[in-house]
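*Asks:* When you get a sec, could you give me coordinates for this:
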Amino acid sequence: MKPIKKYAPRRGAVEKAKPTADPISKIDRVLQALHEPDGLNRFEAERLGDHTLNSTIADLRNRGVRILSCWEIVPTKFNQRGVRVMRYWAAA
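*Replies:* Okay, here's the model as predicted:
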């Protein structure tokens, strides 16, 4: 049986800092954006770390949050005519 090698930390290795406060969750970031006057669509939600906005919206609605929505056309990098996406807002 081979002996197990114990490695010392690499020279100059940086230890990761442990966060002191809980980071804001994805659902909280989305909910905060939904209260903004412009609301949120799926492309804008990507910047918040939400890759499936429709599922997050369904989850919020199941929790009792009233959310308004309407279709809009957004130009993309590959389709200048645009694609249809849903824009969402939290109801006041």
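*Asks:* okay but Asn41 is in contact with Arg84, surely?
*Replies:* No - with contact defined as Cβ atoms under 8 Å, Asn41 does not count as touching Arg84 (10.2 Å). C-betas here are computed from N, CA, C, even on glycine.
*Asks:* Counting neighbours, go ahead and name the busier of these two.
*Replies:* Set Asn41 next to Arg84 and count neighbours by other Cβ atoms under 10 Å: Asn41 wins out with 17 against 8.
*Asks:* could you pull out the helices for this structure?
*Replies:* With DSSP state H as the criterion, the chain has helices at 26-34, 42-46, 53-62.
*Asks:* show me the contacts for Pro75.
*Replies:* Taking Cβ atoms under 8 Å, 6 or more residues apart in numbering, we find Pro75 in contact with Arg81, Gly82.
*Asks:* per-residue confidence at it?
*Replies:* Here the pLDDT value assigned to Pro75 is 90.
*Asks:* What separation is there between it and Leu60?
*Replies:* Using Cβ to Cβ, to the nearest Å, Pro75 is found at 27 Å from Leu60.
*Asks:* And for Arg47?
*Replies:* Where Leu60 is concerned, Arg47 sits at a distance of 18 Å (Cβ to Cβ).
*Asks:* before we move on, what about Asp38?
*Replies:* Counting by Cβ to Cβ, the gap from Asp38 to Leu60 is 17 Å.
*Asks:* Likewise for Trp89?
*Replies:* From Trp89 to Leu60 the distance is 12 Å (Cβ to Cβ).
*Asks:* which residues do these two both contact?
*Replies:* Residues touching both Trp89 and Leu60 (Cβ under 8 Å, 6+ apart) are Leu34, Ile67.
*Asks:* what's the closest non-adjacent residue to Ala33?
*Replies:* Sequence neighbours aside, Leu40 is the residue nearest to Ala33 in space, at 4.6 Å (criterion: Cβ to Cβ, 6 or more residues apart in numbering).
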